[in-house]
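1. Here is a sequence together with a model predicted from it:
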Amino acid sequence: MKIVPAAALVLALFAAACSDSTENAAATGNAATDPSGLAGSALTGGRAGAGRPGSQEDLAATAGDRVFFVTDSATVGADQRPTLQKQAQWLQQYRQVQVTVEGHADERGTREYNLALGQRRANAARDILVGNGVAGTRVQTISYGKDRPEALGSSEEAWAQNRRAVTVVR
């Protein structure tokens, strides 16, 4: 009969240990981005949430993975260029990585117009990456137009989040 209390104690300790690590992962924001629990450790260079070096998470954490555009424009604004320059530096560090630049638009306008606008945005971002030393063969482009919104809604805030080009590690 002494086994039952010991088993209950072991189960309680096990549950406490599991919940503690889950709470710590949730508190640091690493539960979804780093299931290995290595984010922020010496193995990742101390960059919490950066993910594996050369990964999408690493790109997003170190350089940013998206740039935004004004309405009906495919011109990369001066305030967005530093993000693409950081992406180019990151890509030069990880020369084996290939990326796809996704062009997106907000919900206004026809599907055809937004697909063309998204393509122009993806091409504009790609051109800056290439202009900053990234081999063009490493960068593909695709347009999703208004088909993959980041934010739902018909407000300026939602539209602003949807007018973007996102660099995705392949």
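-> Structure's in. What do you need?
2. and the gap between the residue most central in space within the chain and residue 129?
-> Taking C-alpha atoms, centre = their mean as the criterion, residue 60 is the residue nearest the geometric centre of the chain, at 4.5 Å. Taking C-beta to C-beta, to the nearest Å as the measure, residue 60 falls 15 Å from residue 129. The way it works is simple: take the backbone N, C-alpha and C, and place the C-beta from them, glycine included.
3. ranges for the helices of this structure?
-> For the chain, the helices defined by DSSP state H cover 3-28, 56-62, 81-93, 111-131, 156-162.
4. Can you flag the weakest of the ones you listed by average pLDDT?
-> For those, mean pLDDT drops lowest on helix 3-28, to a mean of 42.
5. contact partners of stretch 155-162?
-> Stretch 155-162 is contacted by residues 68, 71, 104, 105, 106, 107, 108, 146, 149, 150, 151, 152 when judged by C-beta atoms under 8 Å, 6 or more residues apart in numbering.
6. would TSV of the residues you listed with neighbour count, pLDDT and distance to residue 94 be doable?
-> Below are these laid out as TSV (neighbours: other C-beta atoms under 10 Å; pLDDT from 0 to 100; distance: C-beta to C-beta, whole Å):
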residue	neighbour count	pLDDT	distance to residue 94
68	18	98	24
71	13	98	34
104	26	98	24
105	31	98	29
106	24	98	31
107	15	98	34
108	14	98	36
146	21	98	31
149	17	98	29
150	15	98	25
151	12	98	29
152	10	97	33
